[in-house]
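A.B. asks: Below are the sequence and a predicted model; questions follow.
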Amino acid sequence: MGSLNISRRRGVSLVYMVVVFTVMFGFASLAVDWGRVQLAKSQLQQAADAAARFGASGLENGSAAALANALAVGSQNSVDGSPLVLDPNNDVAIGTWDATAHTFTPLPTGSQSSANAVQVTAHCIAARNTAIQLYFAQIFGMSSCDINATSVATITYGMDQTFSDPATSNPYLAGEPPGTEASLNNPHNSPDYAGTPSNPLQSPVQVSGIPIVPGSALTFDSVQGGANNLDCRRLRRCRTWQERCVRADQRRHGRVPRP
């Protein structure tokens, strides 16, 4: 009778051990495998973002350049220790992005001249032998985990605009009331006068009609034209004074004979 009770206790202990170890492996799988999958998801999303952005930057040079850019950057990013491989036929799409509806519409090859966006859909899946391998979860029959990430990047094309502003405008008269004087002894106007919108005289002319969107970048490629606001007589006097100083220094050092 006593030996039978001992056997029953040992059987119950074995059941408890199996349950406890199962729970322990479950927590280990949650800590190790789940953490690894989440890290791989972050890496995959970053790789997709980078590929989409660099792809969109190549749209100015055509859809082929955009596709090449996306594939190149994808391979330069690692996911779970391996370079990301993008399928050029299925993972990269070139099309248009509707900023109002927040939708991406792919365009067929040959009709992508109006494209303004690149969509990259990255996969690490068992069908491609790139799924994230699991360790402790294999006890529960899960050997790998599929992950996916999608990113869309757009490009805004700049516009070339030409505006003219008189080079003789005096910046010191900006915002000053009509009749204000500035820049005495100016060889062009002595002095310069602030005018009115209909007759600006030497006041800076306000340029209007520039299509600027808030938050966009504004650059100046070139500034053409010029105005001579320097007194030529003063310039000649400065040069003559410099030449005299140089000659006097050379005479002190015996380099130029005194005339």
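C.D. replies: Nice, thanks for sending it over.
A.B. asks: Identify the residues contacting residue 63.
C.D. replies: By C-beta atoms under 8 Å, 6 or more residues apart in numbering, the residues touching residue 63 are 94, 109, 112, 115. The C-beta positions use only the backbone N, C-alpha and C, and glycine is treated the same way.
A.B. asks: What subset of those residues is buried?
C.D. replies: Neighbour counting with 16 or more other C-beta atoms under 10 Å marks 94, 112, 115 as buried within the contacts of residue 63.
A.B. asks: Keep only those of the contacts of residue 63 that are in strands.
C.D. replies: residue 94 (DSSP state E).
A.B. asks: quick one: which of the contacts of residue 63 is nearest residue 204?
C.D. replies: Taking C-beta to C-beta as the measure, residue 204 sits nearest to residue 115 out of the contacts of residue 63, at 41.2 Å.
A.B. asks: And the helices in the chain, which stretches?
C.D. replies: Here the chain has its helices, by DSSP state H, at 2-28, 34-57, 63-75, 232-252.
A.B. asks: how about low-confidence regions in the protein?
C.D. replies: For the chain, applying pLDDT under 70 flags the ranges 1-31, 158-167, 186-188, 207, 209-259.
A.B. asks: try 50 this time
C.D. replies: Where the chain drops to pLDDT under 50, the residues are 1-2, 4, 227-246, 255-259.
A.B. asks: isn't residue 131 right up against residue 125?
C.D. replies: Yes - in this structure, residue 131 is within contact of residue 125 by C-beta atoms under 8 Å, at 5.5 Å.
A.B. asks: And the strands in the stretch 101-250 of the chain?
C.D. replies: Under the criterion DSSP state E, counting those that start in this stretch, the stretch 101-250 of the chain contains strands at 103-106, 117-124, 132-133, 144-145, 147-154, 181-182, 192-193.
A.B. asks: Skipping adjacent residues, who's closest to residue 55 in space?
C.D. replies: Sequence neighbours aside, residue 70 is the residue nearest to residue 55 in space, at 3.3 Å (criterion: C-beta to C-beta, 6 or more residues apart in numbering).
A.B. asks: And stretch 84-94, what's buried?
C.D. replies: Applying 16+ other C-beta under 10 Å to stretch 84-94 flags 84, 86, 91, 92, 93, 94 as buried.
A.B. asks: Same question for stretch 41-60: list its buried residues.
C.D. replies: 41, 43-59.
A.B. asks: swap in stretch 101-117?
C.D. replies: The neighbour-count check on stretch 101-117 (16+ other C-beta under 10 Å) flags 104, 107, 112, 115, 116, 117 as buried.
A.B. asks: Name the nearest of the buried ones among the contacts of residue 63 relative to residue 192.
C.D. replies: Among the buried ones among the contacts of residue 63, and counting by C-beta to C-beta, the member closest to residue 192 is residue 115, at 51.1 Å.
A.B. asks: isn't that closest one right next to residue 95, touching?
C.D. replies: Yes - between residue 115 and residue 95 there is a contact under C-beta under 8 Å: 5.7 Å.
A.B. asks: Give me the common contacts of these two.
C.D. replies: Contacts common to residue 115 and residue 95, judged by C-beta under 8 Å, 6+ apart, are residue 107.
A.B. asks: Contacts only, for the closest residue to residue 65 other than its chain neighbours.
C.D. replies: Nearest non-adjacent residue to residue 65, counting by C-beta to C-beta, 6+ apart: residue 58, 3.9 Å away. Contacts for residue 58 (C-beta under 8 Å, 6+ apart) come out as 65, 66, 67, 68, 69, 70.
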